[in-house]
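give the three-dimensional model of this entry:
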Amino acid sequence: MGFFDSEIVQHEAKQLFEDYQSLVQLGGSYGKFDLEGKKLFIEQMETLMERYKIFMKRFELSEDFMAQMTVQQLKTQLDQFGITPQQMFDQMNFTLTRMRSELEKQA
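Okay, here's the model as predicted:
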């Protein structure tokens with residue numbers, strides 16, 4: 001069975017995409033959130049990033065051709081911006097850490 005044939009993989013991919021879309025849409029109103037709403041948003045983004053890292057690690061560890069192609073496509077896309085997947089995750093974490101730091105200053 002191929003990597004993408006797994007119902008678990010399909011479900012997690014779908015759930016990650018839907019959760020990400022929802023958070024991005026919600027993030028458009030971030031400036032209007034109260035302090036607790038902002039904390040909750042940051043926590044949800046951190047959780048989503050962890051789930052995404054784990055999901056991508058599954059791709060990297062898989063011997064499935066399509067999974068390896070997916071990893072290579074991501075690397076190629078990110079290379080166009082001059083970054084690696086690890087740098088992408090580091091930047092996301094840096095941004096969330098900075099957002100959390102800003103909240104602590106307001107508290």
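
Phe59: how many residues sit nearby?
Phe59 is flanked by 19 other residues according to other CB atoms under 10 Å. Backbone N, C-alpha and C define where each C-beta goes, glycine included.

could you look up the SS state of it?
helix (DSSP: H, G, I helix; E, B strand; the rest coil).

check which helix or strand the most centrally placed residue in the chain maps to.
With distances taken as CA atoms, centre = their mean, Met49 lies nearest the centre of the chain, 3.6 Å away. Taking DSSP states H and E as the definition, one finds Met49 inside helix 35-61.

now the helices for the chain?
Here the chain has its helices, by DSSP state H, at 7-27, 35-61, 65-79, 85-106.

let me have those in TSV, extended by distance to Met1.
Formatted as TSV, the helices of the chain follow (distance: least, CB to CB, whole Å):
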stretch	distance to Met1
helix 7-27	10
helix 35-61	14
helix 65-79	12
helix 85-106	25
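
want to throw those helices into JSON lines with mean pLDDT?
Putting the helices of the chain into JSON lines (pLDDT from 0 to 100) gives the following:
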{"stretch": "helix 7-27", "mean pLDDT": "94"}
{"stretch": "helix 35-61", "mean pLDDT": "94"}
{"stretch": "helix 65-79", "mean pLDDT": "94"}
{"stretch": "helix 85-106", "mean pLDDT": "93"}
